[in-house]
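Build me a structure from this.
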Amino acid sequence: MTYREALTNCLSRLGRDRTGSVSIIAGFAILAIFTGIGAGIDLAHSFQMRQKISQAAAMACQYSTRSSTTSVWQASNSAAYVNAVNNYITVNLLPAQGIPTGGSNGAPFSLASGAGNVQLSASVPTYIMKMFGTTAIPVAASAHCYDNISSLHPPSEPPPGTVILSESFEASNCTGVCWDVYAPGVPAGTFISTPTSSFQATPSYTGKSGVNWYVVGYCLEDDSIGEIFSTAPNGTHSAELDCDNGSGSAGNSSISTQTWLEAGVYEMRWNYQGRVDYANYNPAYICGSQASDVSWANDTNSSGGPVANAYRTNQVNVYLDYVPNAATFPGTHTTYDNKTLGGSNLVDVCVYSNQWIQRSVKITVTQAGYYWLSFAADGQNDSYGGSIDNIMLCATACSGAIFDNFPQSWVAANGVTLFSDGFGTPSYYSSSNIYTNGDITRSVGTSGASSGWPNTSASGWDIGPNNQISFLLSGAQSGSQALQIDGGNGSGSSANTEITRPFLLVPGYYQVSYYYISDVIFSSLSSTAGAYCGATPSAASFSSLSGSATGTYTPTGSSATHNLDTNIVGIFMSHAQLASNPNAPSFGSNTTYTNPDGSTSSTPTVPSNGISLPSYNSAQPNPLLDICGYSASWTKRTVNIQIAKPAYYWLTAASLGTADGYGGAIDNLTLTALGSPYMSSPPANPIVIPVPSPQPGASLGLPSTYPYYAITADSFTP
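Take a look at the predicted model:
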């Protein structure tokens, strides 16, 4: 019999009692006793529930501090961690304890400013007290779990290969071949004509993996395969950050997302392709770890976009910013067109690629905390720009090999000839075997579509100190002409000559080859071909070429006394930012030079052919590739080189002996692409062409005012 049934039965019996007032008094007394007992039972039930939820709150705190639980926070972010703890409380803990899960118990765990707290509540139904208007007794319990989540366990890096963040822009509102926009503060698919310059409170785009992206500027443009490109590195969509403002006239924008990073080593990968074509860059790509790596890439010969001669319209910058707490947005930067976009600490940049390439950024985090990863368009603000895809942030390193960015048109079993000049054009005629008034700027060589070489290589050589050089009209190694590298006019000019031209190269291995012969033949020197050639002056037996002797100048057959060093020719290569580069003069005029500091002068401050023959320094910024001092017959010379950064590199052939108008001749100067940094059989001991700092593989520590992480500058190998 229940308490209620017993009370009802007792009152009924008292009501039937006819013995008098005593029975009435006894009945009320009994009623009061039972009411008090019932209320006490109701209060006891509420007390028991209060104990249950207090215990549950304590158990929830214990769960929130387990290392297996906090690893979610360490490897992912605070939102995922809070969701994991709340899921445990509402799905597992409360039902097992018989505690209602509705109401405020839907999300009882909270994390604010690093502190964890649990707040539970329940409503206990009454039995007796509801007869007097109280149907339930509310109870609540709270528990303070910790003051700072980062102090719970020793900092630990997530397991190697753990993907902390990934995005491939597959969460699109359109289907088929289409594109959609996601702008700050407005519904998806809405254009905004005026860009924002600050972060909105809510994200503009959420990827399929749950990554929230905050847009500053105009919008994020999500493009399917077929809309812009025929492929995407991952899935069927990619994103463009020079987004459409609704009228196709502007769109530079940034996207930013926040994640927690524990102290340790990470790798960030992303894919990039430019939308607007730059014919002078194809098929090379232009990327770097910092702005100075790409500062030279200012060509405006563009096509395929709405703006003629667009400036860097494909540029995309990548930023990583530490913030003190989850509620703080990252810093901002100013673009080329004076727009304010998200991100302030640059870690990577790409200016151009006409195919999908993959970038890898190695990051060493020294300060655990919240970090914002941002991607931003820069350059021409015209709604046409660089596209990105397949973003991954991984602990230690992402799984799988890094994509090989080396141009496929430069890959072949025996190498691909990028450029060759046999000096057959322009074609000259003379009654003698030498033409002394040649214009080397018209010698274009052979290159172009067959090797995928940029169209600008159809231009000729630059020359110094003036534009006048001698062509040999007989005895060429092949064809009808060869080039004499000395003196300008073959009649005693007092200045040695250099010819040089730039080539846009990307990291990989290359080969330079040429044929050499002496114009002045000395019977006193060895007739063995190549006996006085080598990688350095000493290897070429430079010391044997001192003094003078009677020699025969082969183009004319005349004999005279000449210095034994008159035939010396050196081949050099230098990064465009490390040596003075001649500006092609008109025929017969003197040369001016653009120096590394940007100044222009008639005398180079860092000659691309600068060398001390007696004390050669192999560490100079314009290294000697090869040198020949004497050979009575044509000898082929070959040298392998290694390029570590995308840039223009100047290939130079220079006379280095006595400046007397007589000297060595060259023919069939050739540049060949051997393969990428990842090629299975790279050439042994290549000459590494120096590049400006940061050097590949160097650690780029941030200033003391920002001591949170460092990145590794572009490595030559993955």
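
now the strands for the stretch 601-718 of the chain?
Listed in chain order, the strands of the stretch 601-718 of the chain (DSSP state E, counting those that start in this stretch) span 624-630, 635-643, 647-655, 664-675, 687-688, 699-701, 709-712.

For the fourth one, which strands pair with it and how are they oriented?
Partners of strand 664-675 in the sheet, by DSSP bridges, are strand 416-421 (antiparallel), strand 482-484 (antiparallel), strand 508-518 (antiparallel).

which stretch among the ones you listed comes nearest residue 461?
Closest approach to residue 461 among the strands paired with strand 664-675 is made by strand 416-421 (7.9 Å; CB to CB). For glycine as for every other residue, the C-beta is placed from the backbone atoms N, C-alpha and C.

which one is residue 181 nearest to, not counting chain neighbours?
residue 219 (4.3 Å; CB to CB, 6 or more residues apart in numbering).

show me the contacts for the one you found.
181, 182, 183, 184, 191, 192, 204, 243, 244, 245, 251, 253 (CB atoms under 8 Å, 6 or more residues apart in numbering).

Report whether the fourth one is found in a strand, as I expect.
Yep, that's residue 184 we're talking about. No: counting by DSSP: H, G, I helix; E, B strand; the rest coil, residue 184 is not part of a strand but coil.

Now do the strands in the stretch 251-400 of the chain.
254-261, 264-274, 277-278, 286-288, 302-303, 316-323, 332-334, 340-342, 346-352, 357-365, 369-377, 386-395.

Which pLDDT value belongs to the nearest residue to residue 508 once chain neighbours are set aside?
Of all residues beyond its chain neighbours, the one nearest residue 508 is residue 676 (4.7 Å), with distances taken as CB to CB, 6+ apart. Per-residue confidence (pLDDT) for residue 676: 96.

of the contacts of residue 219, buried ones?
Buried by 16 or more other CB atoms under 10 Å: 181, 182, 183, 184, 192, 204, 243, 244, 245, 251, 253, out of those.

Now do the same for the spatially most central residue of the chain: its pLDDT.
For the chain, the residue nearest the mean C-alpha position is residue 348 (3.9 Å; CA atoms, centre = their mean). You'll see residue 348 listed with a pLDDT of 98.

Could you do residue 127 as well?
pLDDT, residue 127: 69.

Please apply the same query to the one 5 residues further on.
Here the pLDDT value assigned to residue 132 is 65.

Start at 10, not 1
Okay, residue one is now 10; in that scheme the one you just asked about reads as residue 141.

any chance you could map the strands in the stretch 10-159 of the chain?
Going by DSSP E, counting those that start in this stretch, the stretch 10-159 of the chain shows strands at 118-121, 124-134, 145-155.

For the shortest one, buried residues please.
Read it as strand 118-121. 118, 120.

Excluding sequence neighbours, find me the nearest residue to residue 618.
Excluding its sequence neighbours, the residue lying closest to residue 618 (CB to CB, 6+ apart) is residue 663, at 3.5 Å.

Report the contact partners of that neighbour.
Neighbours of residue 663 in contact, by CB under 8 Å, 6+ apart: 494, 505, 506, 507, 508, 578, 579, 581, 617, 618.

before we move on, what about residue 660?
So residue 660 contacts 509, 510, 511, 512, 521, 580, 581, 582, 678, 680 (CB under 8 Å, 6+ apart).

between these, which is nearest residue 531?
residue 580 (22.2 Å).

bridging residues for that closest one?
What pairs with residue 580, by the bridge criterion (DSSP bridges), is residue 635, residue 662.

Could you give the number of residues near it?
By other CB atoms under 10 Å, the residues close to residue 580 number 23.

Residue 366 too?
Around residue 366 there are 22 other residues, counting by other CB under 10 Å.

separation between residue 516 and residue 695?
Note on residue 516: its distance to residue 695, by CB to CB, to the nearest Å, is 12 Å.

returning to what we had before: helices - which of the contacts of residue 228 land there?
When DSSP state H is applied, the contacts of residue 228 are split such that none fall in helices.

Out of the residues you listed, flag the one nearest to residue 439.
For the contacts of residue 228, the nearest to residue 439 is residue 260 (59.7 Å; CB to CB).

got a list of what that closest one touches?
Counted by CB under 8 Å, 6+ apart, residue 260 has contacts 226-228, 230, 250-254, 386, 390-392, 394.

closest one to residue 120 among the strands of the stretch 260-409 of the chain?
strand 263-270 (11.3 Å).

would you list the strands paired with strand 673-684 in TSV and tack on mean neighbour count?
Output for those, formatted as TSV (neighbours: other CB atoms under 10 Å):
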stretch	mean neighbour count
strand 425-430	21
strand 491-493	27
strand 517-527	24
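
Can you lay out these as a markdown table showing distance to residue 273?
Below are the strands paired with strand 673-684 laid out as a markdown table (distance: least, CB to CB, whole Å):
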| stretch | distance to residue 273 |
| --- | --- |
| strand 425-430 | 41 |
| strand 491-493 | 57 |
| strand 517-527 | 31 |
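
Tabulate these in JSON lines, adding columns for distance to residue 279 and mean pLDDT.
Formatted as JSON lines, the strands paired with strand 673-684 follow (distance: least, CB to CB, whole Å; pLDDT from 0 to 100):
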{"stretch": "strand 425-430", "distance to residue 279": "28", "mean pLDDT": "91"}
{"stretch": "strand 491-493", "distance to residue 279": "46", "mean pLDDT": "95"}
{"stretch": "strand 517-527", "distance to residue 279": "21", "mean pLDDT": "97"}
